[in-house]
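Q: Output the structure for:
(one chain, ligands or ions: 2)
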Amino acid sequence: MKLGCIGDDFTGSSDLANTLAKGGMTVVQYTGVPEGPADADAQAGVVALKSRSIDPEEAVRQSLAALDWLRAQGCEQIFFKYCSTFDSTPQGNIGPVAEALAKALDAWQVIVCPAFPGTGRSVYQGHLFVADKLLNESGMQNHPLTPMTDADIRRWLAPQTSFEVGHVSARVVFGGAEAISKGLWDQHVAGKRLIVVDAIRDEDLVEIGRAAKGLPLITGGSGVALGLPGNFGCKAAPVPWTGQGGKAMALSGSCSIATRAQVARHKAHSPAREIIAAEVIEGRVSPMEIADWAMGAKGLPLVYSSADPEIVKAVQARFGSEAASGALEGFFAEVARLCVAAGATRVITAGGETSGAIVEGLGLDRLEIGPEIDPGVPALRARPDLVVALKSGNFGAEDFFEKADRLLAGA
Ligand SMILES: Nc1ncnc2c1ncn2[C@@H]1O[C@H](COP(=O)(O)OP(=O)(O)O)[C@@H](O)[C@H]1O
Ligand SMILES: O=C(O)[C@@H](O)C(=O)COP(=O)(O)O
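A: Ligands and ions are numbered 1, 2, ... in the order given. The predicted structure follows:
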């Protein structure tokens, strides 16, 4: 295995795996640190952790364990994947994990680049934009777990790390790979170790990828991986896929603007069942009742707790945000487990934390990467009789759920 990746959540890991697979690499996504060796033919391996919103020390511990395993598989370069909206708090976990990996790898010029132009995320003058809005005005300021209230990535990252945070500006990036390498070196000489690199277009990311050739550690969103397959001699190629017939279902715990629009569209003409957080927390609704409903429903049933920011805030004020998230994630995982045990063969999930809980609950330890459904979301094969799609909160067109189901089924 040449490229070793550590993803801080499961949807994000499949987003990165998707970019690498489209670039022609053979990629496998692993759930947590595998016990055995990597697949013999994998050129890249993504160890998916659920470390984005946990205690920073534990996130570091898990990430270093993933690093040890990836190094033991012979990886020449390590990629730490976090969210293209830089989801983190003043405590972490992007800073602490990047710092620990850099120390372990003796990496000094560490690129920090969440840009993903294909989904509207760009970094300019160190500030992160979502389409035409600054990050802190994009809806991400209301995220249930990591509210992003400052678009200046340098300022947001600084309190998370003891390293100095540097910057390579768009003006330098537009000069191409050599100019970027010089920009990184200049920042290194100035004592900066985590270096935010501007990127607005895919071309910028390809040049940043070329400049990253040979660096021990890269950090960012999946966009900055665009140029990496080429560094390992791979060329873009169609990703093979065999569809899966049978019973499908969708589960959504994402409260993002994009997911709420997808839920609204789906429930206008397909079976949908809302999960009320208080009913879950107080035990007034059971996973079995919901699984029975989903297995009995026609078409693509959707089970969702996705709610507007005021509703989420009220739930968190009443029960505490960890308790609310934990209860809902556990509930979704159990519904998925019951449905798969009853014969569901296609499972579509929305939300990073939600998807992580479901994949862990289903015990899916290895995912093969299929073709892209919408930017950043691939079809995944978990077992000979089970395929899944893990949608990042803010990804996907409004008709994502039906589209994902068609592709998973082989259309
Ligand atoms: N109605 C709700 N009230 C409170 N919290 C919720 C509600 N619905 C979902 N959540 C929680 O919000 C979090 C959403 O995070 P996540 O699944 O990562 O979605 P996204 O990808 O949009 O960030 C999860 O922990 C989920 O359990
Ligand atoms: O980089 C991204 O935006 C995604 O790959 C990702 O990590 C999204 O996370 P969630 O929105 O929590 O699913």
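
Q: Can you list the helices and strands that the top strand by length along the chain packs against?
A: Assignment by DSSP state E gives strand 366-374 as the longest strand of the chain. Secondary-structure packing of strand 366-374 (3 or more Cβ pairs under 8 Å, 6 or more residues apart in numbering; DSSP states H and E): helix 10-22, strand 27-31, strand 377-383, strand 386-391, helix 400-409. No exception for glycine: its C-beta is placed from N, CA and C like everyone else's.

Q: Of all the ones you listed, which one comes closest to residue 363?
A: Of all the helices and strands packed on strand 366-374, it is strand 27-31 that lies closest to residue 363, at 8.3 Å by Cβ to Cβ.

Q: CA atoms of the longest strand of the chain as PDB?
A: Presented in PDB, the C-alpha positions along strand 366-374 are these (Å, rounded to 0.1, in the frame of the first residue of the first chain):
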ATOM      1  CA  ARG A 366     -14.300  -3.100   5.000                       C
ATOM      2  CA  LEU A 367     -15.900  -1.200   2.200                       C
ATOM      3  CA  GLU A 368     -15.100  -1.400  -1.500                       C
ATOM      4  CA  ILE A 369     -15.400   1.800  -3.400                       C
ATOM      5  CA  GLY A 370     -17.800   2.100  -6.300                       C
ATOM      6  CA  PRO A 371     -18.800   4.900  -8.700                       C
ATOM      7  CA  GLU A 372     -19.700   8.400  -7.600                       C
ATOM      8  CA  ILE A 373     -23.400   9.200  -6.900                       C
ATOM      9  CA  ASP A 374     -23.000  12.900  -6.400                       C
END
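
Q: Could you pull out the strands in the stretch 201-350 of the chain for me?
A: According to DSSP state E, counting those that start in this stretch, the stretch 201-350 of the chain carries its strands in the segments 217-220, 247-252, 272-274, 302-304, 344-350.

Q: how about TSV for those, with mean neighbour count and mean pLDDT added?
A: Formatted as TSV, the strands of the stretch 201-350 of the chain follow (neighbours: other Cβ atoms under 10 Å; pLDDT from 0 to 100):
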stretch	mean neighbour count	mean pLDDT
strand 217-220	26	98
strand 247-252	25	98
strand 272-274	16	98
strand 302-304	25	98
strand 344-350	25	98
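
Q: mind putting these in a markdown table, distance to residue 262 included?
A: Conversion of the strands of the stretch 201-350 of the chain to a markdown table gives the following (distance: least, Cβ to Cβ, whole Å):
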| stretch | distance to residue 262 |
| --- | --- |
| strand 217-220 | 26 |
| strand 247-252 | 8 |
| strand 272-274 | 11 |
| strand 302-304 | 9 |
| strand 344-350 | 7 |
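
Q: Can you check which of those strands gets nearest to ligand 1?
A: strand 344-350 (7.1 Å; Cβ to the nearest ligand atom).

Q: Next, see if the closest one gets close to ligand 1.
A: No: Strand 344-350 lies apart from ligand 1 when judged by Cβ under 6 Å from any ligand atom; the minimum separation is 7.1 Å.

Q: Can you list the strands that that strand pairs with?
A: Paired with strand 344-350 in the same sheet, following DSSP bridges, are strand 247-252 (parallel), strand 386-391 (parallel).

Q: Tell me which of those sits nearest to residue 177.
A: Nearest of the strands paired with strand 344-350 (Cβ to Cβ): strand 386-391, 32.1 Å.

Q: then the closest one to CSV, C-alphas only?
A: Written as CSV, here are the backbone C-alpha positions of strand 386-391 (Å, rounded to 0.1, in the frame of the first residue of the first chain):
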residue,chain,number,x,y,z
LEU,A,386,-25.2,-5.4,1.1
VAL,A,387,-24.3,-2.1,-0.5
VAL,A,388,-24.4,1.3,1.2
ALA,A,389,-24.0,5.0,0.5
LEU,A,390,-22.8,7.3,3.2
LYS,A,391,-23.8,10.9,2.4
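
Q: angle of that strand against helix 10-22?
A: 100 degrees (axes from the mean of the first three to the mean of the last three Cα atoms, to 10 degrees).

Q: Which residues does strand 386-391 contact?
A: 10-11, 14, 243-244, 254, 259, 340, 344-351, 355, 359, 362, 364, 367, 370, 373-374, 377-382, 400, 404, 407-408 (Cβ atoms under 8 Å, 6 or more residues apart in numbering).
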